[in-house]
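In: Here is the input, now give the coordinates:
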Amino acid sequence: MKALITGINGFIGSYLAEHLLAKGMSIHGTVYDLTRIENIAHLKDKITLSKCDVRDRVTVKKVIRKSVPDFVFHLAAQSRPDISWKNPRETMETNVMGTMNIFESIRGLKLDPKILVACSSAEYGFITKNEGSIKEYHQLLPLSPYGVSKVAQDLLAYQYFQNYNMKTIRVRIFGTAGPRKTGDVCSDFARQIAEIEHEKRKPIVHVGNLDARRDLTDVRDTVEAFWLLMERGKIGDVYNVCSSKAYKIGDILNKFLEMSEIGIKVKVDPKKLRPSDEPIIVGDNSKIRKDCRWRPKIPIENTLEDTLNYWRKQR
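Out: Numbering: from 1, shown residues only. Reported below is the predicted structural model:
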């Protein structure tokens, strides 16, 4: 069986490639820049890579024609909410038009793969503390350009299923953590602590909003969910991939600080505060548990320890 992973060098893409290779699959992956494949360097002799900007419909179609996949995992995206505030146009073009190019290429080539589209919990937007865990039917009220782009991507996948019978599965991913990730709160804390231990910075961790609560899942559990959705998920449907646990960011920071023997101070950095920030994001994973018999297995403490050790090795 053949799988195409767009954005294979990304955090989740690299783990997904390892997971599928272990199942004996043939992997074709797209990368934006072939000179920057650090997350998959250890796999480069086992997979096929193509340079591809998903905004370029001609190149996208060439890659899909070449790979003829049985499964498509569409992960390529501008995936950071903070960057979306600074560059909303690029975010929209990459996430929305990039997804359109994937679907139109598959349709034009008359292929019939299963297509998993990586969407986001950012689509739900503002959630009050009284609402509890968010189910898939919750209203979509995104609070960032990134969240808006993911809503559009999500609904594109739905309409291509409805109008063209394409085998799409939408995955609303909540916080995913682990080694190799950059740009999120866990990797930011771990990187700063590691740099302090290496005496590359003063013993101060700069932070944003520590009161926010986030649902976090280990990346290795996340990619297992992706594969089980391809095997057992309902075509055309949408699934939360989450732990169903809300972790206070301040508590996550304290867990990291406890792993270091150095006395470290904490300082709020206004640059790390967003124009709007959801007070709590926690998902309900009962649907994927029921349909796919999936559940997260890796404790948060293991995820954080592995993340910190990863950054300790980045000298």
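
In: neighbouring contacts of the least confident helix or strand in the chain by mean pLDDT?
Out: Here the helix or strand of the chain ranked lowest by mean pLDDT, DSSP states H and E is strand 280-281, holding a mean of 84. With contact meaning Cβ atoms under 8 Å, 6 or more residues apart in numbering, strand 280-281 is reached by 121, 124, 127-129, 134, 174-175, 212-215, 246. Quick note: C-beta positions are derived from backbone N, CA and C, even for glycine.

In: Name every strand pairing with it and say which way it goes.
Out: Partners of strand 280-281 in the sheet, by DSSP bridges, are strand 213-218 (parallel).

In: count of residues packed around residue 206?
Out: Residues near residue 206, counting by other Cβ atoms under 10 Å, number 16.

In: List the backbone torsions phi and psi for it.
Out: Dihedral pair for residue 206: phi -90, psi 130, per degrees, to the nearest 10.

In: Find the nearest non-adjacent residue to it, please.
Out: Sequence neighbours aside, residue 269 is the residue nearest to residue 206 in space, at 4.0 Å (criterion: Cβ to Cβ, 6 or more residues apart in numbering).

In: cool, residue 166 as well?
Out: Distance criterion Cβ to Cβ, 6+ apart; nearest residue to residue 166, sequence neighbours excluded, is residue 160 at 4.5 Å.

In: try residue 247
Out: residue 216 (5.5 Å).

In: Any idea what residue 118 is bridged to?
Out: Beta bridges link residue 118 to residue 171, judged by DSSP bridges.

In: now it: how far from residue 152?
Out: Look at residue 118 and residue 152: by Cβ to Cβ, to the nearest Å, they are 14 Å apart.

In: between these two, who's got more neighbours?
Out: residue 118 (29 against 19).

In: Can you check what pLDDT the model gives that one?
Out: pLDDT, residue 118: 98.

In: Would you map the strands across this structure?
Out: 2-6, 26-31, 48-51, 71-74, 114-120, 167-173, 175-177, 204-207, 213-218, 238-241, 246-248, 265-268, 280-281 (DSSP state E).

In: strand partners of the fourth one, parallel vs antiparallel please.
Out: Right, the one you point to is strand 71-74. Strand pairing (DSSP bridges) places strand 71-74 next to strand 2-6 (parallel), strand 114-120 (parallel).

In: Identify the residues contacting it?
Out: Outside strand 71-74, the residues within contact range by Cβ under 8 Å, 6+ apart are 1-7, 13, 16, 25, 64, 99, 102, 106, 113-118, 226, 230.

In: which of those count as buried?
Out: 2-7, 13, 16, 25, 64, 99, 102, 106, 113-118, 226, 230 (16 or more other Cβ atoms under 10 Å).

In: So, low pLDDT: which residues of the stretch 201-315 of the chain?
Out: Within the stretch 201-315 of the chain, the segments meeting pLDDT under 70 span 276.
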